[in-house]
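1. okay, structure incoming, though there's no sequence with it:
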């Protein structure tokens with residue numbers, strides 16, 4: 001019973017045994033149950049795996065400019081294919097601004113079922129009401145648990161290592177242009193180990209023609225295609 005029903009605890013198995021007229025104590029049942037490494041209930045990682053197609057994640061990151069002014073980038077991504085859905089840039093990330101960014105990124109008809117975020121104070125009441133009106137179930141992570149929003153955290157790290165750490169940002173417009181260029185490269189060209197070396201927007205295999213090298217982000221990266 002313990003092997004066939006991994007979600008059952010000792011009281012449940014003991015109850016079934018009593019109904020089969022097997023007189024044994026509950027402590028004995030607990031003693032001989034199969035030992036499991038993980039918790040019997042669904043964990044956070046299992047939730048992310050089971051509902052990946054319906055989950056989007058978001059996070060804010062800070063970018064300094066050449067004049068030492070701080071700008072805020074807002075990232076929204078889908079879990080199923082790790083696709084970047086939206087980039088927003090502002091110097092003042094208010095709850096109303098973030099709510100509008102979610103609406104523009106997902107729309108009212110293609111909104112994800114779940115949205116994972118941290119507990120940043122920028123996500124105010126206006127933002128929460130917007131999610132509810134769009135039918136999105138808000139899923140804030142636990143305090144000091146960035147691993148619960150690991151996809152977004154890792155993507156922000158990739159943006160820094162592969163783009164922002166190598167350029168000097170002049171202002172909001174310049175940062176928006178850089179992030180948009182990176183989004184096109186990331187979604188349509190950059191291969192991912194987790195996607196079996198495919199891009200988030202599936203990239204066809206070129207089988208014939210001469211190989212052409214296309215510079216991206218001013219030559220910081222390149223895309224190779226056959227023509």
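-> Happy to help now that I have it. All values reported here derive from a predicted model rather than from experimental measurement. Residues are numbered from 1 along each chain as shown.

2. how about the helices in this structure?
-> Secondary structure of the chain (DSSP state H): helices at 10-19, 26-32, 44-50, 95-106, 125-133, 150-162, 172-188.

3. list the buried residues in the fifth one.
-> To tie it back to what came earlier, the one meant is helix 125-133. 127, 130-131 (16 or more other C-beta atoms under 10 Å). Where you see a C-beta, it was placed from the backbone N, CA and C, and this is true even at glycine.

4. what of the second one?
-> Using 16+ other C-beta under 10 Å as the test for burial, helix 26-32 gives residue 29.

5. returning to what we had before: can I get the helices of the chain in TSV with distance to residue 57 and mean pLDDT?
-> Shown next, in TSV, are the helices of the chain (distance: least, C-beta to C-beta, whole Å; pLDDT from 0 to 100):
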stretch	distance to residue 57	mean pLDDT
helix 10-19	35	90
helix 26-32	39	92
helix 44-50	9	79
helix 95-106	12	95
helix 125-133	13	95
helix 150-162	4	95
helix 172-188	15	96
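
6. so can I have CSV of the ones you listed showing distance to residue 202?
-> Formatted as CSV, the helices of the chain follow (distance: least, C-beta to C-beta, whole Å):
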stretch, distance to residue 202
helix 10-19, 45
helix 26-32, 49
helix 44-50, 21
helix 95-106, 21
helix 125-133, 29
helix 150-162, 18
helix 172-188, 9
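
7. outline the domain layout of this structure.
-> Domain ranges of the chain: 10-41, 46-195, per automatic domain parsing.

8. need the winner for burial among those domains.
-> domain 46-195 (a mean of 16; mean count of other C-beta atoms under 10 Å).
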